[in-house]
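1. got a sequence here, can you build the structure:
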Amino acid sequence: MTAPHGFSVSRYAPERGTLAKLAARDSVVRRLDWPILLSALALSGIGALLVWSATRGRTELNNGDPYYFLLRHLLNTGIGVTLMIGTIWLGHRTLRGAVPILYTLSIVLILTVLTPLGATINGAHAWIVVGGGFSLQPSEFVKITIILVMAMLLAAKVDAGDQLHPDHRTVAKALTLAALPMGIVMLMPDLGSVMVMAVIVLGVLLASGASNRWVLGLIGAGVLGAVLVTALGMLDEYQINRFAAFANPDLDPSGVGYNTNQARIAIGSGGLLGAGLFKGSQTTGQFVPEQQTDFVFTVAGEELGFVGAGLILVLLGVVLWRACRIARETTELYGTVVAAGIIAWFAFQSFENIGMTLGIMPVAGLPLPFVSYGGSSMFAVWVAIGLLQSIRVQRPMTA
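-> Numbering: from 1, shown residues only. Coordinates of the predicted model:
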């Protein structure tokens with residue numbers, strides 16, 4: 001006997017009705033990957049404290065309410081966890097059938113950004129202002145859509161037993177569908193999100209077993225695309241300045257290099273144990289811009305020190321480790337590819353975010369998963385956790 005969405009309850013047969021439903025729920029709870037769930041919750045909890053520290057004195061942002069961003073961050077986390085639960089309940093296999101609808105909706109949303117309904121925040125015209133102080137960044141959800149649509153195409157014939165690996169025609173179709181939303185996001189321009197999406201596509205291809213020629217070709221196309229984008233002047237001046245400051249950290253330290261220099265000062269001043277929560281001079285003095293979002297790691301480095309910042313890295317490492325285990329243990333290529341796309345997303349975005357605060361990566365305006373303030377990002381990463389949990393829950397009982 002099999003419960004809806006592939007949740008096996010055969011070990012409880014011949015029980016039926018209410019008892020069978022309770023058995024199914026118990027099976028789901030027991031089969032959840034608790035390390036990845038608890039690590040993600042811990043990251044969101046630490047993020048709430050860091051966001052609170054960075055914003056409680058920012059009266060120009062919090063309208064005089066020191067708890068404003070803290071409560072919003074906790075609300076975003078609660079909504080994100082609810083979305084995770086809903087994703088587990090639906091199941092990644094059910095969502096597989098809804099991918100065409102999700103893909104179309106994503107295209108509509110990012111096209112809406114390019115209309116008068118779109119809004120520019122921090123130099124990127126990548127937002128839709130809903131009203132009441134709420135805004136939506138569709139590119140965060142496009143990351144999930146790209147993973148799902150590529151996984152659906154690349155795994156279809158393999159999971160059906162018709163092929164051992166995706167054929168060239170299938171790979172070309174998957175790359176075309178991924179390129180469309182990426183191109184639209186580039187027009188915003190939201191270079192940081194495009195970089196993440198490119199890494200996601202690469203990770204998906206590697207996990208799908210596609211020919212290495214496609215992987216090498218994609219890397220070559222990425223390099224060529226970067227050259228063309230720069231040569232054709234598609235980047236805004238602030239984006240060019242960010243790369244210039246990365247190449248030369250001493251370039252205009254009070255201008256284009258200010259963010260990175262102040263971030264490094266904040267992190268370096270934390271020492272081993274940090275100055276203590278709410279006691280960081282760089283944070284309370286508001287010397288580092290965007291500390292609640294892109295540069296939230298600087299708060300950890302200054303106020304919690306090497307130990308606190310290291311804890312964030314360990315928790316992110318646990319999330320990635322468990323995600324790799326889920327990808328390895330699933331018996332279907334579709335689940336493996338979805339998990340691999342999420343791993344590539346989380347790994348690169350975390351590395352880029354932390355790297356830019358240390359000066360080893362260019363500033364790209366990407367949030368730190370689970371930690372940074374922002375509803376769209378929080379909702380997207382928790383949906384991704386829901387997909388990972390669904391892949392684990394719905395694997396065969398013998399796996």
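2. spell out the residue ranges of the helices in the stretch 1-150 of the chain.
-> For the stretch 1-150 of the chain, the helices defined by DSSP state H, counting those that start in this stretch cover 17-31, 34-55, 59-62, 68-90, 92-97, 99-113, 138-159.
3. closest one to F348 among these?
-> Of all the helices of the stretch 1-150 of the chain, helix 138-159 sits nearest to F348, with 10.7 Å by C-beta to C-beta. Bear in mind the C-beta positions are built from the backbone N, C-alpha and C, glycine included.
4. D65 is in contact with G57, correct?
-> No. Using C-beta atoms under 8 Å, G57 makes no contact with D65, being 11.6 Å away.
5. which one is H125 nearest to, not counting chain neighbours?
-> Nearest residue to H125, sequence neighbours excluded (C-beta to C-beta, 6 or more residues apart in numbering): M188, at 4.9 Å.
6. wait, the one you found sits on L114?
-> Yes. Judged on C-beta under 8 Å, M188 makes contact with L114 at a distance of 7.3 Å.
7. any shared contact partners between these two?
-> With contacts taken as C-beta atoms under 8 Å, 6 or more residues apart in numbering, M188 and L114 have H125 as neighbours in common.
8. so between these two, which is more surrounded?
-> M188 (23 against 13; other C-beta atoms under 10 Å).
9. next, the more buried one: secondary structure please.
-> Under DSSP: H, G, I helix; E, B strand; the rest coil, the three-state class of M188 is coil.
10. and the longest strand along the chain, what does it pack onto?
-> The residue-count maximum for a strand in the chain (DSSP state E) belongs to strand 124-131. With contacts taken as 3 or more C-beta pairs under 8 Å, 6 or more residues apart in numbering; DSSP states H and E, strand 124-131 sits against helix 99-113, strand 118-121, strand 134-136, helix 138-159.
11. which regions of the protein lie under the pLDDT threshold?
-> Residues of the chain meeting the criterion pLDDT under 70: 1-26, 122-124, 131-133, 229-256, 396-399.
12. deepest of the helices of the stretch 1-150 of the chain, which one?
-> Comparing the helices of the stretch 1-150 of the chain by mean neighbour count (mean count of other C-beta atoms under 10 Å), helix 138-159 ranks first with a mean of 24.
13. chain center to it: distance?
-> Distance of helix 138-159 from its chain centroid, counting by C-alpha atoms, centre = their mean, to the nearest Å, is 15 Å.
14. what packs against it?
-> Secondary-structure packing of helix 138-159 (3+ C-beta pairs under 8 Å, 6+ apart): helix 92-97, helix 99-113, strand 124-131, helix 168-186, helix 191-208, helix 333-358, helix 375-393.
15. who's in contact with the residue nearest to H125?
-> M188 makes contact with V113, L114, G118, A124, H125, A126, S139, according to C-beta under 8 Å, 6+ apart.
16. okay, now V194: neighbour count?
-> 23.
17. distance check, it against V338.
-> Remark: distance between V194 and V338 (C-beta to C-beta, to the nearest Å) = 21 Å.
18. before we move on, what about A178?
-> With distances taken as C-beta to C-beta, A178 is found 14 Å from V338.
19. do the same with V371
-> V371 is 23 Å from V338, by C-beta to C-beta.
20. then W321?
-> Using C-beta to C-beta, W321 is found at 17 Å from V338.
21. over to T77?
-> 23 Å.
22. next one: S139
-> 19 Å.
23. quick revisit: could you check the angle the longest strand of the chain makes with helix 191-208?
-> Angle, strand 124-131 to helix 191-208, by axes from the mean of the first three to the mean of the last three C-alpha atoms, to 10 degrees: 100 degrees.
24. strands paired with strand 124-131, and their directions?
-> In the sheet, strand 124-131 lines up against strand 118-121 (antiparallel), strand 134-136 (antiparallel) (DSSP bridges).
25. can you give me the buried ones in the longest one?
-> When you say that, I think you mean strand 118-121. Going by neighbour count (16 or more other C-beta atoms under 10 Å), the buried part of strand 118-121 is G118.
26. how far off centre is that strand?
-> Mean-position distance between strand 118-121 and its chain equals 20 Å (C-alpha atoms, centre = their mean).
27. just the residues contacting that strand, thanks.
-> Against strand 118-121 from outside (C-beta under 8 Å, 6+ apart): T112, H125, A126, W127, I128, V129, S135, M188.
28. one more time with 6 Å, if that's ok
-> Residues from elsewhere that reach strand 118-121, judged by C-beta atoms under 6 Å, 6 or more residues apart in numbering: H125, W127, V129.
29. what do you get for stretch 193-205?
-> Contact with stretch 193-205 is made by 139, 146, 150, 178, 182, 185-186, 214-215, 222, 337, 340-341, 344-345, 348-349, as judged by C-beta under 6 Å, 6+ apart.
30. in ChimeraX, how would I select just the buried ones from those residues?
-> Restricted to buried positions by 16+ other C-beta under 10 Å, the ChimeraX selection for those reads:
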select :139,146,150,178,182,185,186,214,222,337,340,341,344,345,348,349
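31. now the closest residue to I354 other than its chain neighbours: which helix or strand?
-> In this structure, I354 finds its nearest non-sequential neighbour in F297, 5.3 Å apart by C-beta to C-beta, 6+ apart. Using DSSP states H and E, F297 falls within helix 296-299.
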